Structure formats: C-alpha cells, structure tokens
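S.K.: Output the structure for:
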Amino acid sequence: MVNTLPSSALKVLGFFTGKITESFTLREVSRQLHMHVAQTHRAATLLKARGLLQQDKHLRLQLNFRQDHEILVFAESLRRDTLLEKGKYLDIKLFAEDIIQNIKEDAFVLLLFGSVVDTRKPRDIDVLLIIDLVDKIQFHEALLQRLASRYGLPFEGHVVSFASVSEMLAKRDQKNLMHEVLNKHIILYGGGLFYRLLERGRR
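M.R.: Numbering: from 1, shown residues only. Predicted coordinates for the structure are as follows:
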C-alpha cells in the first residue's frame, strides 16, 4: 500500500508538493492549512523523520523532492482529485481524459499550472504537456489545440520536451515556465516522471 501516513501528515505533505521550492515556518503552514500548531508540528515531525521534509537553520520547512517519489505522487493525486471533484472543473477533467486517451507516447507528463490552481475564476486554463523529444512538439501542440476546441473554455496549451525541462530547472535564478510550474501546479498524469525530471534537472 502506497500511503503509510496519517491524514494530517498527508495534508501537510500535499501543501508542500504544491509549493515545491518554497519554505515555510511551522506557524505559516498551520495558518494556511487551518490546522492547530500542535497537530501541524506532529505531522511535520513525522514527515521530517521520513525524509520528506527538510528544515534549514532558520527552522523553515521545505519539501525534499528527492525522497520517496511514490508517496509524493500519492499526495499529488489527492490534490488533483480534490480540484477535479469540484463541479465547475468537470470540463477540465473531461479535457484531461481526452488528452490522455489520444496521446500515444509511452511516457509523458500532463499538468495544470498557473491561476487555475488557486483562483476561482481564472482568465486562462494553462495546460502543460511534457514529452520526450523536441521534434514531437509541433504535432502535440496541434493535438492539444484540436482537443481544446471541443470545449468552451479558455485553454492555453503548452508543450515542452524533457531536455527543455532540464534546461529550465537548471537555471534557478531565471524566471521561466518550469519555475512557475513548481509552485503552482496540479499533476493530471505522469507524477512519477515529473519527480524524476525534477530530481534530474534541479541539482
């Protein structure tokens, strides 16, 4: 069984998987999750013991994205399900299923990012597809555009290659697509691959 964590620890872990490069004090986490500080402390202590959270000298907590990808992907799936279960996101769920069924690649990542993750009325619904090779980008951009035309929503499709992801992740001081994604995303498909790409690119 993937999940070996209590619900409070999963809630805290889910918070950090949504903000991968950011760090927070215990009180900040408690406030944002509306949890009692003592409960948050117990959850964080367990996550640190498992190596899933790390703490700096200023006692700020941050996700250790190199540890136990299986449980990180499980936490990501809970975040995805929470978002897509909302009635207003039914079309996004159907669109995601449409994409997944029509892509013939063996390995890819599909995610939402940007304002759709934390805004009730996003201006655009940004969708990112990560595929293996650059020469497949144009084909998949056209595929996303064709599938999006079936829905009456402002989808914005973006397609990048594994190599581009690694290049963007390596440039820590530069604003780019992947740095936006790391702290504001919902993984729809390919969570394990997402974390492997992250570990490989962000050294």
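S.K.: Report all helices and strands that the host helix or strand of Leu197 contacts.
M.R.: Per DSSP states H and E, Leu197 falls inside helix 191-201. Other elements packing on helix 191-201 under the criterion 3 or more Cβ pairs under 8 Å, 6 or more residues apart in numbering; DSSP states H and E are helix 69-84, strand 109-113, strand 125-131, helix 162-170. C-beta coordinates here come from the backbone N, C-alpha and C atoms, glycine included.
S.K.: Can you list the buried residues in stretch 49-66?
M.R.: Neighbour counts over stretch 49-66 (16 or more other Cβ atoms under 10 Å) mark Arg50, Leu52, Leu53, Leu61, Gln62, Leu63, Asn64, Phe65 as buried.
S.K.: how far out from the middle of the chain is stretch 126-144?
M.R.: 18 Å (Cα atoms, centre = their mean, to the nearest Å).
S.K.: what residue ranges in the chain are flagged as low confidence?
M.R.: Across the chain, the ranges flagged by pLDDT under 70 are 1-3.
S.K.: Let me know the secondary structure of the residue located most distally from the centre of the chain.
M.R.: The outermost residue of the chain, judged against the average C-alpha position, is Ala38 (27.2 Å), by Cα atoms, centre = their mean. Under DSSP: H, G, I helix; E, B strand; the rest coil, Ala38 falls in the helix class.
S.K.: From Met168, how far out is it?
M.R.: Distance of Ala38 to Met168, given as Cβ to Cβ, to the nearest Å: 39 Å.
S.K.: still on that earlier bit, as TSV, the helices and strands packed on helix 191-201 with mean neighbour count would be great.
M.R.: Converted to TSV, the helices and strands packed on helix 191-201 look like this (neighbours: other Cβ atoms under 10 Å):
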stretch	mean neighbour count
helix 69-84	18
strand 109-113	23
strand 125-131	23
helix 162-170	18
